[in-house]
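Asks: build me a model from this:
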Amino acid sequence: MHTVQSTQLHRRFSIAPMMACTDRHARFLFRLLTSRTLLYTEMVNAGAVVFGDRDRHLGFSSQEHPLALQLGGNDPEMMAQAAMIAEEWGYDEVNMNCGCPSPRVKSGAFGAALMAEPDTVAACVAAMRDRVQIPVTVKTRIGIDDLDSYDHLCHFIGTVAEAGCQSFTIHARKAWLNGLSPKENREIPPLKYHVVDQLMRDFPALEFVLNGGIANLDEAMSHLQRVHGVMLGRAAYNQPALLADVDMRVFGVAREVPALRDVVDEYQRYAAHMHQQRASIATLVRPVLGLFHGAAGARRWRRYLSEQITVKHFTSTIFGDALAAMDRAAEQVATAA
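Replies: Numbers count the residues shown, from 1 in each chain. This next block holds a predicted model:
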């Protein structure tokens, strides 16, 4: 358990909660690249926080701050208890998931399905705010299924805001809960950034963070001219090196851009320690597979590490060995040219 600490929290730039992606190892890597970005956990069911293995569900490294816990659930009391535990563990924010379209969350009546129940969401937000001092925020879509009118979205936002939520992260797509997979819901429904722009005008007292389809920092900077914050998802996970420029470009921090090879050295030490704590090689390796995306020899880096996952072979030099393999591949290409 971590003690609560005063962490400067800015939502100007954040990395989305992503199941099977934003675990503690990925977040540690992200933090080596950017000191200011707000990081989110994978969604954790409120019941798992209250009754489950808290070390497994809530454990994180102190370097990960600022860090938000995303909760899934629809019972106000359970959500309030989970939020209290999150605060005790040292999280800087609790975020309620009202945007995930997977069948699992639909069957559990939380995630994007809650867009049909604004009063339930409001009750959960009110209960959490009554119990904790850290911010309580909501991540949602612009609509679901046939509940996709702007009037319905405004009713949802207004109802939840009245319960005390002051910050909303909006994925600028609707979600089809019937007929589309989670992956398809990230790609097929059209992006409607103008809807979030309208929310900015209609709810000037609230904070809005834009999510969905933002592929790089140039796009993020363009959106930041109109919204309070941006949240990147797959782009940050698949190409984490783009985060090295965030502190300077987004936050204006005069910080030397981290060299990727230095990041690899630091992550190697972290991974060796976590492997001793029984972290699997797959969970330790996956976050760095895209670190050198677009660089000479990057395919060899990815292939070498993927092969180690297959044979389940972890060594204290695994990432240095991968760098050496990448350098050899790059040299071969240069020689052939």
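
Asks: could you look up the SS state of residue 200?
Replies: At residue 200 the chain is in helix, as set by DSSP: H, G, I helix; E, B strand; the rest coil.

Asks: try the one 10 residues further on
Replies: Look at residue 210: counting by three-state DSSP, its state is strand.

Asks: and the gap between it and residue 233?
Replies: Counting by CB to CB, to the nearest Å, the gap between residue 210 and residue 233 amounts to 12 Å. Where you see a C-beta, it was placed from the backbone N, CA and C, and this is true even at glycine.

Asks: who has more neighbours, the two?
Replies: The residue with more neighbours, out of residue 210 and residue 233, is residue 210; 25 against 21, by other CB atoms under 10 Å.

Asks: per-residue confidence at the residue nearest to the more buried one when sequence neighbours are not counted?
Replies: What sits nearest to residue 210 in space, not counting adjacent residues and going by CB to CB, 6 or more residues apart in numbering, is residue 227, at 4.6 Å. Residue-level confidence at residue 227 comes out at 98, pLDDT.

Asks: what's the burial count for residue 227?
Replies: Neighbours of residue 227 (other CB under 10 Å): 19.

Asks: likewise residue 155?
Replies: Other residues lying near residue 155 total 13 when counted by other CB under 10 Å.

Asks: so how far is the helix or strand harbouring it off the chain centroid?
Replies: According to DSSP states H and E, residue 155 maps onto helix 150-162. Its chain's C-alpha centre and that of helix 150-162 lie 24 Å apart, by CA atoms, centre = their mean, to the nearest Å.

Asks: over to residue 43. Which of the three states is it?
Replies: For residue 43, the secondary-structure state derived from three-state DSSP is strand.

Asks: give me the neighbour count for it.
Replies: By the other CB under 10 Å criterion, the neighbourhood of residue 43 contains 26 residues.

Asks: who does it bridge with?
Replies: Bridge pairing for residue 43 (DSSP bridges) gives the partners residue 70.

Asks: just the pLDDT for it.
Replies: At residue 43 the predicted local confidence, pLDDT, stands at 96.

Asks: again, but for residue 4
Replies: Reading off the per-residue confidence, residue 4 sits at a pLDDT of 43.

Asks: same thing with residue 102?
Replies: With respect to pLDDT, residue 102 has a value of 77.

Asks: what do you get for residue 298?
Replies: In the predicted model, residue 298 carries a pLDDT score of 97.

Asks: nearest spatial neighbour of it, skipping sequence neighbours?
Replies: Once flanking residues are discounted, residue 298 sits nearest to residue 292: 4.2 Å by CB to CB, 6+ apart.
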